[in-house]
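S.K.: take a look and give me a structure for this.
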Amino acid sequence: MSGRRWLVGVLGAVAILTASAGLSEARTWYLEKDGSGDFTVIQEAVDAAASGDTLRIGPGRWYEHWVIMTGQVVYTLISGKALTFIGAGPTTTIIGHETPPFSGSTTDFAFIPDGDCSTTTFADIGFDMPGIFGNAIANLGNRIEIQNCRFTRLARGVFTEGIGGGFVRNCEFLNVNYNNGGQGIAAYTPARDLLIEDCTFTNCSTAFRADWGGCQDITVQNCVMTGGRTGVGFISGASGTVRNCSITGQNQWGIILNQFGLVVIEDSIISVEAIDQYTTALGIWNASNGSLVMHRNVFESAARVRVIVKSCV
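M.R.: Sure thing, here's the model as predicted:
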C-alpha cells in the first residue's frame, strides 16, 4: 500500500509541475520617453504584452502612434487582453497631442473592441487633446476599472457599452465640452453594473449620461458636478441611482430623465444656474413607463421652475 501511495504522490506532483509550467507569470513592462524602459511607444508594449500584464507609463506626453480604422483614429488598440495601464500621475503622464495633427475623424486614445468581459484597468493617467471629437477610453464590451485619472479638453472622457461592468473612481473631468456636446462619462446599452464614485466634473457639457434600456444598475455616488449644461441624464429606458451628489451651476438641466426606466435619486443637492426661465433642476419627460424614487434631496433654481414634468400618464 505504501508503494502505491508513493507512486500516486509522484504522479500528482508531476501533474502539478506540468500544469504550472504551462502558466506564465504576469509581467510588468516599463515605458519611458528617454528609451530607458522596455518601450517608447504604448501600442508596441500592448502588442508584446500578454493578458494579465501591467504597463507602467512614465512621465511625458504620449502620442507617437495611431492607426486609422474605417475613418476612426485609434491611438492604442487593446484587443483580446486583460491589461493594466499605470501612469506616473494624472498631470505627469499625459496621453494625447497638445495640438491635434488631424481633424474630421472620431479619435479614441484607448479602444477596446472585444466583448469577452476581461478587465482593462487604467490608473494615474491624464488624457488631454483639445478640439477633437472622440473618446479618451472607448470600451465596447469588457470590464473597465479606472481610478485617479484626469480627462481634459475632450469630446468624451469615458464611453462604455461594457456588459462586464466596472468602476470609475476618484477621477477628474475638466472642460469636456466639445462644441457644447461633450460628455464626461457616457454609458450606452448594454452597459450595466457600473459604479461612478468620488469623481469631479467641472464645466462638462454633460457630466454623465446613460442611454437606452440595456443600461441597468448604474450608480453615481459621492460626485461633484459643477457648471456645464447638464449634470446627469437617464434616457430611453436607462436605469440607475444618483446618491449623495452635488450637482450645481448647470445652465440647462441638473438632472434630465426622458423615457427612463427605474431611477433613484437620494441625499443629493441639485442647484442650477438660470440663463432663462426654463433652466430646471430636475426635468422629467415622457415618463409613462418610468419609475422615479426620491429621498432627502434639495432642488434649487434661480429660475421660476425647479422641477418640470411633462408627458406622464
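
S.K.: tell me the confidence at the closest residue to residue 73 other than its chain neighbours?
M.R.: Once flanking residues are discounted, residue 73 sits nearest to residue 107: 4.4 Å by C-beta to C-beta, 6 or more residues apart in numbering. For the C-beta atoms, the positions are set from N, CA and C on the backbone; glycine is no exception. On pLDDT, residue 107 comes in at 75.

S.K.: cool, residue 276 as well?
M.R.: On the pLDDT scale, residue 276 is placed at 61.

S.K.: part of a strand, is residue 46?
M.R.: No. Applying DSSP: H, G, I helix; E, B strand; the rest coil, one finds residue 46 to be helix, outside a strand.

S.K.: dump stretch 208-219 to PDB, restricted to CA.
M.R.: In PDB, the C-alpha atoms belonging to stretch 208-219 read as follows (Å, rounded to 0.1, in the frame of the first residue of the first chain):
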ATOM      1  CA  PHE A 208     -22.800  61.700 -17.000                       C
ATOM      2  CA  ARG A 209     -25.400  60.200 -19.400                       C
ATOM      3  CA  ALA A 210     -26.900  56.700 -19.600                       C
ATOM      4  CA  ASP A 211     -28.800  55.800 -22.800                       C
ATOM      5  CA  TRP A 212     -31.200  53.000 -23.800                       C
ATOM      6  CA  GLY A 213     -32.900  50.300 -21.800                       C
ATOM      7  CA  GLY A 214     -30.000  47.900 -21.700                       C
ATOM      8  CA  CYS A 215     -28.200  50.300 -19.300                       C
ATOM      9  CA  GLN A 216     -29.000  48.800 -15.900                       C
ATOM     10  CA  ASP A 217     -27.600  49.100 -12.300                       C
ATOM     11  CA  ILE A 218     -25.600  52.300 -12.900                       C
ATOM     12  CA  THR A 219     -24.700  54.100  -9.700                       C
END
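
S.K.: would you agree residue 156 is in contact with residue 182?
M.R.: Yes. Taking C-beta atoms under 8 Å as the definition, residue 156 is a contact partner of residue 182 at 6.2 Å.

S.K.: between the two, which contacts overlap?
M.R.: Common contacts of residue 156 and residue 182 (C-beta atoms under 8 Å, 6 or more residues apart in numbering): residue 176.

S.K.: got the contact list for the residue nearest to residue 73?
M.R.: 66, 72, 73, 74, 75, 100, 129, 132, 133, 134, 135.
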